[in-house]
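[1] Any chance you can model this:
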Amino acid sequence: MKKLLTGNEAVARGAWEAGVKFAAAYPGTPSTEILENIAKYGEITSEWAPNEKVAVESAAGASIAGIRSLSAMKHVGVNVAADPMFTFAYLGVNGGSVIISADEPGMHSSQNEQDNRHYARHAKMPMFEPSDSQEAKDMLKDAYNISETYDCPVLYRMTTRVCHSKSIVECTDRQEVQDKPYVKDILKYCPLPAHARVMQVKLAENMKKLEAYSNESPWNYIEDNHQSVGVIGSGAAFRYAKEVFGDTASYLKIGFSYPMPLGLVKEFAQKVEKIYVFEENDPIMETEIKAAGIDCIGKDVLPAMGELTPDRIREAIFGEAHPQIEGDADKVVNRPPAFCAGCPHRGIFYELGRLKKVMIFSDIGCYSLGLTPPYNATDAMICMGASISGGHGVAKAMAIKNEDTKVVSVIGDSTFFHSGLTSLMDVVYNKSNVLTVILDNRITGMTGHQENPGSGFDLKGEAAPIMDIETIVKALGVKNVRTVNPNNLEETKAALDWGLANDEASVIITRWPCALKRFSQADKQEFPEAFKRHCKVDTDVCVGCKKCLKSGCPALAFNSIIPKKSGIIAEDCLGCEVCLQICPVGAISVEEEA
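    Residues are numbered from 1 along each chain as shown. Predicted structure coming up:
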């Protein structure tokens, strides 16, 4: 049976065919759809974990218990998961286990461009790198064989183009793998220092065996076109190189990339006169090949950052640009990212942007857009969970410097569950005067509306216990807590003034659903009026002051409906009424939906 699948769909199919029985992940582009598609297979128990560390720990536990397991995350999530991952490599497996890292060359939706191939070497884990959907499925199945044969978890590196591009995949039936019995073995599963020293020796021996396997792996192979130019490539970069060179080069395809198949590389080097190494991001293969005494061309010619797309390869190597249709840049309107019409973050960021002598530490999510005009309401951001602990550090520093600057930390609901709890605990425990704003839009918005511990549903859409944020915050020791409707500017401003006036930790929870959310029955009961109206402008009253535009709503239009007047695109407006409250002359009113 053949299917047209994205790489993420193919991985999910591969997990099913390989007999995987447990899978956990935290959503993050470009990896999100892996678990969403695995959830469609009833034979696999699949779940969203609060963060990537928990996902890997859960998968490790399932492996120790004797079944095949999988955990998945985007590249920055591996940083969160690194603690258990490194030790998991020492323990080894019982049932096979694969950790998927979806890297993102080009940073399309990420805060950095780290190359997680380094983790394979660092943690001493074998690694696969598929370059299309068929390989994404087939390599994953082989990864479980490698995991169980060599007693090790496997790192599986995807990239954005492999995750999201579609190609034809030959599918097969599910392989029912015999569960392995769990046998208590503290020497294997309890890494006390004395035990870990033995584990370390076993791990080193495994890597030697895996290096021998790498040179014989079917995923590493030579395509000899009897040409003087040779190309060594992995992942999507290999496909890009083939598109550029075609039959004018010979190829060494690297699919099982760590340990490197240096024996095969040396064999290939004898067949060609010049070698190009194509790898996205860091020169990991290039460095190792050169260290083996083999001359090659890599990042000294090819771009060191971003995707190695065919057009970039042609320009770097041949100095020629592929013919393209050029548009008129002067006619293209600049459209920076913006909050959606009806977004519940609009009101809080409007009010945050008006505050004086306040440092705003934001987190990673839709609300990262609060840094852009017209709000200009963000001073710093690092990673998930860092807004609270980073804000704590700023507050302590301001106190040390005797500077009268208040700190506001902004974080989303899913991100709070991910890694904000321990940060807020730090604020309370170390008596920090930070105002934390938790934006509860009732869903994990940024990555495509995945459920989280506060939404009331699990990955499969089944009812789940709700982790109430206000109850949790109070349990962590925060005495000053308020929950507000962020669309009500007066209520929101009053809450901010209250929080900033306190001389100890305070928390404001903004509670209103994402404008794109599919409402549950509970949502309909709690927010019966949400998104059932829209606003309109009385152009006779409007004075053209443009103050409504400070809401940043894309449903507003100035000078397009009537010259020098504001207008509202009714089809886009969801009636949050933020612009209505900003208008100084009362020119905006509400219309109920018919």
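[2] Pull the residues that contact the helix or strand where Lys188 lies.
    Using DSSP states H and E, Lys188 sits in helix 186-189. The contact list for helix 186-189 (C-beta atoms under 8 Å, 6 or more residues apart in numbering) reads Ile64, Leu91, Gly92, His195, Val198, Met199. Backbone N, C-alpha and C define where each C-beta goes, glycine included.
[3] hmm, which two among those are most spread apart?
    The most widely separated members of those are Ile64 and Val198, with 17.4 Å between them, by C-beta to C-beta.
[4] Between the two, which is the more surrounded one?
    Ile64 (21 against 13; other C-beta atoms under 10 Å).
[5] give the contact list for the more buried one.
    Per C-beta under 8 Å, 6+ apart, neighbours of Ile64: Leu91, Val93, Asn94, Gly95, Tyr182, Tyr189.
[6] Now with 10 Å, please.
    Phe88, Leu91, Gly92, Val93, Asn94, Gly95, Ser97, Lys180, Tyr182, Asp185, Lys188, Tyr189 (C-beta atoms under 10 Å, 6 or more residues apart in numbering).
[7] so who does the residue lying closest to Lys357 once chain neighbours are set aside touch?
    Counting by C-beta to C-beta, 6 or more residues apart in numbering, Thr405 is the residue found nearest to Lys357 once chain neighbours are left out, at 5.5 Å. By C-beta under 10 Å, 6+ apart, the contact list for Thr405 reads Lys356, Lys357, Val358, Met359, Val394, Ala395, Ala397, Met398, Ala399.
[8] now for the strand or helix carrying the fourth one, which elements pack on it?
    This points to Met359. Assignment of secondary structure by DSSP H and E places Met359 within strand 358-361. With contacts defined as 3 or more C-beta pairs under 10 Å, 6 or more residues apart in numbering; DSSP states H and E, strand 358-361 has these neighbours: helix 345-352, helix 386-400, strand 406-412, strand 434-440.
[9] Adding mean neighbour count, mean pLDDT and distance to Trp219, write those out as TSV.
    Output for these, formatted as TSV (neighbours: other C-beta atoms under 10 Å; pLDDT from 0 to 100; distance: least, C-beta to C-beta, whole Å):
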stretch	mean neighbour count	mean pLDDT	distance to Trp219
helix 345-352	26	96	45
helix 386-400	20	93	37
strand 406-412	27	95	39
strand 434-440	27	96	44
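[10] Just tell me which of the ones you listed ends up closest to Ile222.
    The nearest among the helices and strands packed on strand 358-361, by C-beta to C-beta, is helix 386-400 at 45.8 Å.
[11] distance between the closest one and the chain's centre?
    Distance of helix 386-400 from its chain centroid, counting by C-alpha atoms, centre = their mean, to the nearest Å, is 25 Å.
[12] quick one: that helix to strand 434-440, angle?
    160 degrees (axes from the mean of the first three to the mean of the last three C-alpha atoms, to 10 degrees).
[13] What number of residues are in the vicinity of Pro528?
    8.
[14] How about the secondary structure of it?
    Assigned by DSSP: H, G, I helix; E, B strand; the rest coil, the conformation of Pro528 is coil.
[15] what do you get for Met73?
    Met73 ends up strand, using three-state DSSP.
[16] how much space between it and Val54?
    From Met73 over to Val54 the distance is 11 Å, taken as C-beta to C-beta, to the nearest Å.
[17] what sits against the closest residue to Asp458 other than its chain neighbours?
    Nearest residue to Asp458, sequence neighbours excluded (C-beta to C-beta, 6+ apart): Ala464, at 4.4 Å. If you count contacts by C-beta under 10 Å, 6+ apart, Ala464 has them with Glu47, Trp48, Glu451, Asn452, Pro453, Gly454, Ser455, Gly456, Phe457, Asp458.
[18] What average pLDDT does the longest helix that the chain contains get?
    Among the segments of the chain that qualify as a helix by DSSP state H, the longest is helix 193-216. Average pLDDT, helix 193-216: 94.
[19] what's it packed up against?
    helix 75-91, helix 133-149, helix 186-189, strand 256-258, helix 262-269.
[20] Residues contacting it, please?
    Residues contacting helix 193-216 (C-beta under 10 Å, 6+ apart): 87, 89-92, 121, 123-127, 146, 149-152, 154, 186-191, 217, 220, 254-267.
[21] Averaged pLDDT, the helix or strand following it. What do you get?
    The element immediately downstream of helix 193-216 (helix or strand, assigned by DSSP H and E) is strand 220-223. Mean per-residue pLDDT for strand 220-223: 97.
[22] Not counting its neighbours along the chain, what's nearest Gly365?
    Nearest one to Gly365, counting by C-beta to C-beta, 6+ apart, is Gly412 at 4.3 Å.
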